[in-house]
Structure formats: C-alpha cells, structure tokens
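>>> Fold the following for me, if possible:
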Amino acid sequence: MYPTISHLIYDLFGVKIPLPIQTFGFWVAVSFIVSAWVIAKELKRKELEGKIFPVKIKNIVGKKLSNLEILSGIIFGFFIGFKGFEALTHYSELVENPQQFILSTRGSIMGGILISLLSVFLRWKENKKTRLENPKEEEKIVHPYELMGNMTLIAAISGILGAKIFHNLENFDDFIADPISQLFSFTGLTFYGGLITGAIAVIIYARKYKINIKHLVDCFAPGLILAYGIGRIGCHMSGDGDWGVENVKPKPEWMNIFPDWIWSYNYPNNVLTYNEKQGSVVFGKMSEIPNCSGTFFDPYCYQLTNPVYPTPIYEVIMSLLIFALLWKIRKKITIPGCLFFIYLIFNGLERFLIEKIRVNNEYDILGGITQAEIISFILIITGISAFFYLFFSNKSKKNKPT
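Predicted coordinates for the structure are as follows:
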C-alpha cells in the first residue's frame, strides 16, 4: 500500500521524494477533475441540443473593490501566508503528518501579514485597471458548462461536510468520546453523505441560473459514478479501511487468471497506522510487518493479520461498468431525469451488494444493518419509482389529444 504519493514514487522508481500528498487525497482530487470534465462535456451537448440554455446576468463594470472583497483578500492571504511560511520552514514536519500540520494552530504571523497585504495590493492594482468614474451595468451571457468550476467547488465543500456528518452519525459513540477530533479529522468520510448534501447544494446553485434540473442531474449521472470509482482506487491504494470482511477461503479455480490480491489481501503498509486503535477495533486485527521499522515505509509498518476481500477494487470495476452503460445509453434516454434515476438504481444495487462482504458498523435493528444498506435501499426504491413515474407521465402526455 502507498499511504502517500512519495511511497508510490519510491516503490516504482526507488527515489525518495518527500511530498505532503496523501494517496487517498490525490485520487479524490483526480476524481473531481475527471468527473467535472465529463459533466461539462454533457452540459455542452445538452446546450447544443437545445435542452438547457445560457442565461443573461447583470454585471456592474468598473466598480471599486468592496469592503467584503478587501476583507476576503485579507483573510485568505493571511491563512496562506500563516501556513505557507510555516510549511516552508518546517517542511519535514508537514510531510510527516500533513493533516495534523494543517489543522494545528501553528503558523507564521509575519508570513500571514505579508501575504495578506500582498493579496490586497494585487487585488487593488487589478481593480484600478478596470475602475470607471461612473460604473455601468452590462449584461453577460453565462453558459451552464462555464459554471462547472463553481459547481465542483460547491459539491466538494458541501460533500465533505455531509460526508463527515453522516460518518459521525454512523459512528456516534466515537463522536461523543472525542467530538473535536472526529469533526476535524480528514479521515472518516461517508460517500452517501457527500452525495446527498453535495447534490442539494449544487441544485440550489443551479436554480439561481435557471438551469433545467432534470437535464442537469442527467448530465451529472455518468460523472458521479465515474468519480466514485476513481475515488475507490485511492481507498485501495492507501488502505484506508474501506475493505471487506475476513476472507481466508481458498481462491476459486476460475480466478486463477487474476493475481491473488484480487481474491483476498492483507493491505500491508496501510495508512491506518496513525490510529492503531481504530484499525484494530473497527477494521480488523493488525500485525506488525517484519523488518519494516526504520525503512522508508516507517511508521506504516502494519498489515491485517487475516486477509480480507479487497472490496474497493470490486467497486472500481462495478463503477466503471455502470459508467460505461450510462455513457452508452445517455443519448438514447429522451425523458429528462430518467438517466439520473437509472444511475440511482445501479448505484444503490452496487453498494447494497458490496455491503454484504464489506466491513462496517451496523445499527442494531433488523438483525443488524449498515447506514449504507439503508440509504442504498432507499436509492433503489426512489430510482425505480421515479423512473416509472417519469416514463408513464411522458407517455400520457404523448397520448393526450391536442
């Protein structure tokens, strides 16, 4: 496993390059970038087909910097300088534990002041070039695909918040025991929490620009499942605990064409060693890897005592297959909204099935059920119901006499 990108580079090329980039975070970033490109491509197609439209917005040209713009420049600049100067002067500590470094109160006050002043000065200088004695109002045409950057940022921020909230609801005892650590830790993210809150936030934003919501969610459907699959690559490569239950059964003969780790894997050098208690109690018993101490992988010197199903890989495969299907049929589905609800059905089925062999906390109801099983079941029922509602509603409109 590769807790950081530095470990991946070292394993591939034998070169030690200390980088403060965690493998899971890297793949999450890749998933956002790739899915944003796919969604923007679909938005352009929908606009060319006349299903969504650009909007005109009023924009005041030549105005002075507002107090809010100045204040935001000061705050943003101070944070960058405060943490940036500290990172430059204590780079090894940043690399050793970037999460703890970023979330700590340590930093350079002088660096924060310098960068905040520079940030405001650059904004003022840029504003001076366009400032008019009498600011005027102009109309600007905005295409939906041009908003993809904002929608991605909104989805990322709201999605992470939602993922943290749902994770803490799923692990409420841990949250009560240490709420500050649970809230501000980068670990512990629940996909469905991010999906739900991110979708709500993006829809609210899109309504501001009068984008047809049914066509919008259809554009998002292939990109969402693709992002999920790419994100699961990060789960597997980092060994973040999103794996399956113990699997000590012999490998089936029909799987002999695949490497052994496709059937069962013990995730050596996984990233969970920063919290050994969490790894041993929740995700399976850990054992120390012989001759690992003092190497480049130290302190990630643990592996699961018993191998488990590598469920992230299974989810990567299923997600890519679902993406391929949605991409294939996207132009054939003519009823707005239907493609998105097909996505919900397959997404729910995929997650509901994988939960049967995936390690997770269970609620003490119905003989034991996970949060993901509850939500995935709701998504399946919602997807099926909404799909047939839209299908028959569209059919009745066509048959209605004019």
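
>>> which regions of the stretch 151-300 of the chain sit below the pLDDT cut-off?
166-192, 273-283 (pLDDT under 70).

>>> Sticking with Thr295, tell me its helix or strand.
Assigned by DSSP states H and E, Thr295 falls within no helix or strand.

>>> could we number from 166 for the rest of this?
Okay, using 166 as the starting number, the last item reads as Thr460.

>>> number of nearby residues for it?
Here the count is done by other CB atoms under 10 Å, and Thr460 has 12 residues near it. The way it works is simple: take the backbone N, C-alpha and C, and place the C-beta from them, glycine included.

>>> Next one: it from Ile454, what distance?
To Ile454, Thr460 is 9 Å away according to CB to CB, to the nearest Å.

>>> Could you do Leu360 as well?
From Leu360 over to Ile454 (counting by CB to CB), the distance is 35 Å.

>>> Between the two, tell me which one has more neighbours.
Leu360 (22 against 17).

>>> Contacts only, for that one.
Leu360 makes contact with Gly324, Gly327, Leu389, according to CB atoms under 8 Å, 6 or more residues apart in numbering.

>>> Which one of these sits in the busiest neighbourhood?
Leu389 (27 neighbours).

>>> The longest helix that the chain contains: which residues count as buried?
Identified as the longest helix of the chain according to DSSP state H is helix 536-564. Using 16 or more other CB atoms under 10 Å as the test for burial, helix 536-564 gives 536-542, 544-545, 548, 551-552, 555.

>>> Could you name every residue contacting both of Thr460 and Ile454?
Cys466.

>>> which residues of the stretch 316-465 of the chain fall in helices?
All helices of the stretch 316-465 of the chain, identified by DSSP state H, counting those that start in this stretch, fall at 337-342, 344-349, 356-373, 378-403, 441-446.

>>> Look at Ile225 and tell me its secondary structure.
Following DSSP: H, G, I helix; E, B strand; the rest coil, Ile225 is assigned to strand.

>>> doesn't Glu304 make contact with it?
No: Ile225 lies out of contact with Glu304 (CB atoms under 8 Å); the separation is 11.2 Å.

>>> could you redo the buried residues of helix 536-564 as a markdown table and give each row distance to Asp176 and pLDDT?
Converted to a markdown table, the buried residues of helix 536-564 look like this (distance: CB to CB, whole Å; pLDDT from 0 to 100):
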| residue | distance to Asp176 | pLDDT |
| --- | --- | --- |
| Gln536 | 35 | 80 |
| Ala537 | 32 | 82 |
| Glu538 | 36 | 88 |
| Ile539 | 39 | 88 |
| Ile540 | 36 | 86 |
| Ser541 | 35 | 91 |
| Phe542 | 40 | 93 |
| Leu544 | 37 | 92 |
| Ile545 | 40 | 95 |
| Gly548 | 41 | 95 |
| Ala551 | 46 | 95 |
| Phe552 | 45 | 95 |
| Leu555 | 49 | 94 |
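
>>> which one of these sits closest to Leu268?
Among those, Gln536 lies closest to Leu268 (CB to CB), at 25.4 Å.

>>> Can you list the residue ranges for strands in this protein?
220-226, 301-307, 451-453, 467-469 (DSSP state E).

>>> List the buried residues of the third one.
In terms of neighbour count (16+ other CB under 10 Å), strand 451-453 has its buried residues at Met451.

>>> One more: the second one?
Residues of strand 301-307 classed as buried under the neighbour-count rule (16+ other CB under 10 Å) do not occur.

>>> what pairs with it, and is each one parallel or antiparallel?
Neighbouring strands of strand 301-307 in its sheet, by DSSP bridges, are strand 220-226 (antiparallel).

>>> Could you export the strand it pairs with as CSV, CA atoms only?
What follows is strand 220-226, C-alpha atoms only, in CSV (Å, rounded to 0.1, in the frame of the first residue of the first chain):
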residue,chain,number,x,y,z
VAL,A,220,-28.6,32.9,-19.1
LYS,A,221,-28.1,36.6,-19.1
ILE,A,222,-26.8,38.1,-15.8
LYS,A,223,-26.3,41.7,-14.9
ASN,A,224,-22.8,42.7,-14.1
ILE,A,225,-21.6,46.0,-12.9
VAL,A,226,-18.4,47.0,-14.7
